[in-house]
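> No sequence on hand, only this structure:
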């Protein structure tokens, strides 16, 4: 392992002896014995590496290179919060030991992938793939391939791209098939023998979200207005179309970036959804799934995220307003704060209890931190071309 | 540190050399480098010690003695999930390094205490005390006393017992005063300079709960029917009485054990509350706080806990039915399963994602584990007189 400090010194010095580096860096190296509850991983989308951070002192602990194409990468954590499974765009699945700051396993599992999930019991990870279309199941310990579900649909034998994969209670997984317009629910109680139920959904699902309790799965549709909702407590009722106004309807606007549904917000019995192409956040009542309000915001929202206590929702925006963020008060349902954390804000993540938010400013090569109570900037960390930020409390939540 | 294995061998052998013990135990000792996401601590109420466990392999890693009187003990975790702060009944506050399996700090902070909480930012812990009545604030690193709020009330200069302490966003804390019938909200943004707001509440609050988002604080009342609710998003509205039928009213029954409110359940927009003295679980609508149903159960409920996905609520009971547990389906709102995990079930805890539940059977000196999907017993661990079970994901939740 080459630690963060050594790497930095190497960049500065160009060359140095190992002993010198170790001596110079002794006090800043990542300790090998420490809790993992305050750790996190930041994706550097341009360099193929990740940075391991800790949020108590707001420092970087290690840089881990060699993860391939990390554009649109995401990750999940092992149940002991020691290992990150990073899903790269190029089909790479990399297991990173965040305590040691090193790669402990890596496979190229597909040609084109779009993320993954981990089972409720933590024994296996599942990748969702564009090419070849389907999901693949890997042993979390060894990364050995255990099984796969090819998303063959129709009569032509072709496979559909998989989007919106989420883990569910009972070691089940749910995902959507873009070309097929279907939602599949796969039971992996026996990970070597997948059992799949198929549900017809709307046209061209492009992403999906799941409520924090894992009950409602909702896919956004590219090919029609509205969203497709499946109540997983009553799957026998089938898929229902909700929010008929959601999507491309009523005076379509140019869409600069499809919003991410994964980071949606639930607060006070309501969901806050990014409108597509519009300068609005939609407020939807949970359960009835009726739209109950629209909040005007600065630009086209991308991520709409609830502070963990639900009292505020923080929003970032598509180009050309991706240097801005806004804060919505969920009691008043209005914007109460606007600020510019940096250039090209791609992602943000609240610390587990929500006292801080960390924000990736890609074009400033840094992650900036804000106190969510005072809204003051309280720190920053140099990270090359940062995108996704993931803290380890995700290890403990279904569907995250 | 004497590890779990050495201690067990010592008990068996009576005497043994350190070298022999180390050799015999080498393979079962707690590793010093490991993630802390799957760790937990079990209170042994009779021995003054805690057992550190991990839930991936369902094993004990260490026993840590010397914590004093652990009847009615509870604990909170540091934000890195490495340290447990154990609040003993005798006023002891003990900081345990769960990776090393040893005590790293201990103070006797009061004469009679009833639990505690940790601030949102993790920088200090707060104890709630019966004698002398009030809260005390300690540095999480050093256990140094930073400040206190004596709960002096009325004109006589006496202090009220503190119950129902919970942490809130913004490094605030809320708690109830038994004799005073008040709810106090203390802002510890500056932990050396507490700022307190007082709210009149009902007679003799004995415990309290807070919704998972930290919005609603609800105190159970010993001195009258109903509960006192404070909306912390709108504290200026003051305390409101809800559930007028809750409590001692309508044909009071003998109460064998006051139910715990801390472990209440929220599922599908409803709260599931243990009825006092009755063989019922109350179903209450969130927000309106109207009772919408009652579910008959086997005996007087003590802990009513939601499985993390909210689809089921698991219930234990007061003596003489404390060998039983029941499972409620929250879609049908009826009991769907009854079982006998062991004698004197005092507490239970779901693993973070809910795939298992761990149950303390005090009089069988063991903790038993069940698969929550199949409801099959899947393991057990010998623990002397176990009571509270606490997994480290609590480090990441406000009000837990």
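Perfect, I can see it now. Computed from a prediction, not measured in an experiment: that's the story for all the values here. Numbers count the residues shown, from 1 in each chain, chains lettered A, B, ... in the order given.
> How about stretch A:173-192, which residues are buried there?
Buried residues in stretch A:173-192, defined by neighbour count with 16 or more other C-beta atoms under 10 Å in any protein chain shown: A:173-188, A:191. C-betas here are computed from N, CA, C, even on glycine.
> Equivalent analysis for stretch A:68-78, please.
For stretch A:68-78, the buried set under the neighbour-count rule, 16+ other C-beta under 10 Å, comprises A:68-70, A:73-78.
> cool, stretch A:190-202 as well?
Result for stretch A:190-202 [16+ other C-beta under 10 Å]: buried residues A:191, A:194, A:199, A:201-202.
> quick one on the thing from earlier: inside helices: which ones of the buried residues of stretch A:173-192?
Among the buried residues of stretch A:173-192, no member is found in helices (DSSP state H).
> average pLDDT for the strand or helix carrying residue A:357?
Element membership for residue A:357 (DSSP states H and E) is strand A:356-361. The average pLDDT within strand A:356-361 is 98.
> What pairs with that strand, parallel or antiparallel?
strand A:345-350 (antiparallel), strand A:366-371 (antiparallel) (DSSP bridges).
> Deepest in the core, which of these is it.
Greatest average neighbour count among those goes to strand A:345-350 (a mean of 23), per mean count of other C-beta atoms under 10 Å in any protein chain shown.
> Quick check: mean pLDDT of it?
On average, the pLDDT along strand A:345-350 is 96.
> can you give me the strands for the stretch 1-150 of chain A?
For the stretch 1-150 of chain A, the strands defined by DSSP state E, counting those that start in this stretch cover A:39-44, A:49-54, A:59-64, A:74-77, A:83-87, A:92-97, A:102-108, A:112-118, A:124-131, A:134-139, A:145-150.
> elements contacting the fifth one?
With contacts defined as 3 or more C-beta pairs under 8 Å, 6 or more residues apart in numbering or on different chains; DSSP states H and E, the packing partners of strand A:83-87 are strand A:39-44, strand A:74-77, strand A:92-97, strand A:112-118.
> same deal with the longest one?
Using 3+ C-beta pairs under 8 Å, 6+ apart as the contact criterion, the secondary-structure elements in contact with strand A:124-131 are strand A:112-118, strand A:134-139, strand A:162-168.
> got those strands as JSON lines, with distance to chain B columns?
Below are the helices and strands packed on strand A:124-131 laid out as JSON lines (distance: least, C-beta to the nearest C-beta, whole Å):
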{"stretch": "strand A:112-118", "distance to chain B": "9"}
{"stretch": "strand A:134-139", "distance to chain B": "14"}
{"stretch": "strand A:162-168", "distance to chain B": "8"}
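> right, and these - which one's nearest residue A:348?
strand A:112-118 (17.8 Å; C-beta to C-beta).
> tell me which residues in the closest one are buried?
For strand A:112-118, by 16+ other C-beta under 10 Å, it's A:113-118.
> Which residues does residue A:280 form beta bridges with?
residue A:296.
> Let me have the buried residues of stretch A:68-78 in TSV, extended by pLDDT and distance to chain B.
Converted to TSV, the buried residues of stretch A:68-78 look like this (pLDDT from 0 to 100; distance: C-beta to the nearest C-beta, whole Å):
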residue	pLDDT	distance to chain B
A:68	96	24
A:69	95	27
A:70	95	23
A:73	93	21
A:74	94	18
A:75	97	14
A:76	98	12
A:77	98	7
A:78	98	7
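> hang on, the earlier thing: closest to chain B out of the buried residues of stretch A:190-202?
residue A:191 (13.8 Å; C-beta to the nearest C-beta).
> list the contacts for the closest one?
Contact partners of residue A:191, counting by C-beta atoms under 8 Å, 6 or more residues apart in numbering or on different chains, are A:119, A:123-124, A:137, A:139, A:146-147, A:171.
> among the residues you listed, who's most crowded?
Counting neighbours by other C-beta atoms under 10 Å in any protein chain shown, the top entry in the contacts of residue A:191 is residue A:119, with 25 neighbours.
> surely it meets residue A:139?
No: contact criterion C-beta atoms under 8 Å: residue A:119 and residue A:139 do not qualify, at 10.6 Å.
> re earlier: sort out which one of the contacts of residue A:191 lies nearest chain B for me.
Chain B lies nearest to residue A:171 out of those, by C-beta to the nearest C-beta, at 7.6 Å.
> Okay, now stretch A:361-375: how far is its last residue from its first?
End-to-end distance for stretch A:361-375: 17 Å, by C-alpha to C-alpha, to the nearest Å.
> And the contacts of that stretch?
Outside stretch A:361-375, the residues touching it (C-beta under 8 Å, 6+ apart) are A:42, A:45, A:53, A:58, A:307, A:312, A:323, A:327, A:337, A:339, A:341-346, A:350, A:354-360, A:376-387, A:389, B:169-170, B:189.
> before we move on, the earlier item: and of the helices and strands packed on strand A:124-131, who's closest to residue A:275?
Of all these, strand A:162-168 sits nearest to residue A:275, with 18.6 Å by C-beta to C-beta.
> ok, residue A:343 to residue A:357 distance?
17 Å (C-beta to C-beta, to the nearest Å).
> err, residue A:173, not the other one
Counting by C-beta to C-beta, the separation of residue A:173 from residue A:357 is 29 Å.
> Please apply the same query to residue A:301.
16 Å.
> Those two - which one has more neighbours?
Of the pair residue A:301 and residue A:357, residue A:301 is the one with more neighbours under other C-beta under 10 Å, namely 29 against 23.
> pretty sure that one contacts residue A:317?
Yes: counting by C-beta under 8 Å, residue A:301 does reach residue A:317; the two are 6.1 Å apart.
> where among the helices and strands packed on strand A:83-87 is the average confidence lowest?
strand A:112-118 (a mean of 93).
> Now do it and strand A:134-139, the angle between them.
Counting by axes from the mean of the first three to the mean of the last three C-alpha atoms, to 10 degrees, strand A:112-118 lies at 50 degrees to strand A:134-139.
> ok, back up a step: any idea which of the contacts of residue A:191 is closest to residue A:33?
Within those, proximity to residue A:33 (C-beta to C-beta) peaks at residue A:123, which comes in at 25.8 Å.
> Find the nearest non-adjacent residue to the closest one, please.
residue A:140 (5.7 Å; C-beta to C-beta, 6 or more residues apart in numbering or on different chains).
> How about residue A:87?
residue A:116 is the one closest to residue A:87 (C-beta to C-beta, 6+ apart), at 4.3 Å.
> what's the spacing between the one you found and residue A:165?
7 Å.
> so what sits against both of those two?
Common neighbours of residue A:116 and residue A:165 (C-beta under 8 Å, 6+ apart) are A:126, A:128.
> Just the endpoints, please. Distance across stretch A:89-103?
End-to-end for stretch A:89-103, by C-alpha to C-alpha: 17 Å.
> what distance separates that stretch from the centre of its chain?
Distance of stretch A:89-103 from the chain centroid (C-alpha atoms, centre = their mean, to the nearest Å) equals 16 Å.
> Mind checking if it is in reach of chain B?
Yes: residues of stretch A:89-103 contacting chain B under C-beta under 8 Å from any C-beta of the partner chain: A:99-100.
> hmm, back to that, now render the contacts of residue A:191 as a markdown table, adding pLDDT.
A markdown table is the format used below for those (pLDDT from 0 to 100):
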| residue | pLDDT |
| --- | --- |
| A:119 | 97 |
| A:123 | 98 |
| A:124 | 97 |
| A:137 | 98 |
| A:139 | 98 |
| A:146 | 98 |
| A:147 | 98 |
| A:171 | 96 |
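> Looking at those residues, which is nearest residue A:393?
residue A:119 (17.7 Å).
> Would you point out which residue is most central in chain A?
residue A:74 (5.5 Å; C-alpha atoms, centre = their mean).
> any idea how far that residue is from residue B:346?
Taken as C-beta to C-beta, the span from residue A:74 to residue B:346 is 41 Å.
> and if you look at residue A:76?
Taken as C-beta to C-beta, the span from residue A:76 to residue B:346 is 34 Å.
> helix/strand/coil for residue A:394?
Residue A:394 falls in the helix class when you classify it by DSSP: H, G, I helix; E, B strand; the rest coil.
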